[in-house]
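1. need coordinates for the following:
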Amino acid sequence: MNFNTARPVILASASPRRKEILSLLGFPFTVLPSHISEDIEMTTGDFGAYARELASRKTAAIAKEYGDHIVIGADTIVVHEGRHYPKPASQEQAKTFLQQLSGKTHIVITGVGVAMGGTLRVFSVETAVTFRELDDVLIDAYVASGDPMDKAGGYGIQTAGALLVEKIDGDYFNVMGLPIAKLTEHLRRLALISLKDGDPFIDY
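-> Reported below is the predicted structural model:
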């Protein structure tokens, strides 16, 4: 499918995974990463709100300079038993993360921001991911590959990290970093994109 866009689109993320997913919509866009700090204190136990706040800040930082564009920003976090699992700071921390998530179900939350013309809307999507029982040999080999180091929770479901996963409940692309179906729904309802052969959705 190919969509028209109401304005030029900016993806406020350096993630190659988000770039790949957004490309599914078939319209051109510019990648302009937002370099705000992700080290934001979480003052409540609402992880969804935390992910939305991160996405909001990333989106707003770019939208401030490009108000005549459609700006899309996102941030993905991993949560297990009330604890946030960020991108690991070291191989040892990556091993610890994977050992703690082994055989357990954790939640992946992606906050997404959409901004244009001074208006910013934010939503989040949650997906439950269950890991297999992981042995230390597999964990060590995966960590040694370097793949976990730039990914929330210490794994990527679209790479060799798929070997760790037993099942998911929810949006696969959300685990990759961008819930494209929900994002498309929002963009269409806001009349920011439309199908080239006509689109029945209206602004709301």
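2. just the helices in this protein please.
-> 16-22, 47-63, 91-101, 136-144, 172-176, 180-189 (DSSP state H).
3. could these go into CSV alongside mean pLDDT?
-> Converted to CSV, those look like this (pLDDT from 0 to 100):
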stretch, mean pLDDT
helix 16-22, 96
helix 47-63, 96
helix 91-101, 98
helix 136-144, 97
helix 172-176, 98
helix 180-189, 96
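4. closest to Ile77 out of these?
-> helix 47-63 (5.1 Å; Cβ to Cβ). (Each C-beta comes from the backbone N, C-alpha and C, glycine too.)
5. what's the offset of that closest one from the middle of its chain?
-> Relative to its chain's centre, helix 47-63 lies at 11 Å (Cα atoms, centre = their mean, to the nearest Å).
6. equivalent analysis for stretch 146-156, please.
-> 13 Å.
7. ok, stretch 70-80 next?
-> That offset, for stretch 70-80, works out to 4 Å (Cα atoms, centre = their mean).
8. show the average pLDDT along it.
-> The pLDDT scores in stretch 70-80 average 97.
9. CA atoms of it as PDB?
-> Taking Å, rounded to 0.1, in the frame of the first residue of the first chain, the C-alpha atoms of stretch 70-80 are listed here in PDB:
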ATOM      1  CA  ILE A  70       4.500  15.800  10.400                       C
ATOM      2  CA  VAL A  71       6.900  14.700  13.100                       C
ATOM      3  CA  ILE A  72       6.800  11.100  14.500                       C
ATOM      4  CA  GLY A  73       8.800  10.200  17.500                       C
ATOM      5  CA  ALA A  74       8.900   7.000  19.600                       C
ATOM      6  CA  ASP A  75      10.500   5.400  22.600                       C
ATOM      7  CA  THR A  76      10.400   1.700  23.600                       C
ATOM      8  CA  ILE A  77      10.800   0.300  27.100                       C
ATOM      9  CA  VAL A  78      10.800  -3.100  28.600                       C
ATOM     10  CA  VAL A  79       9.200  -3.800  32.000                       C
ATOM     11  CA  HIS A  80       9.200  -6.800  34.200                       C
END
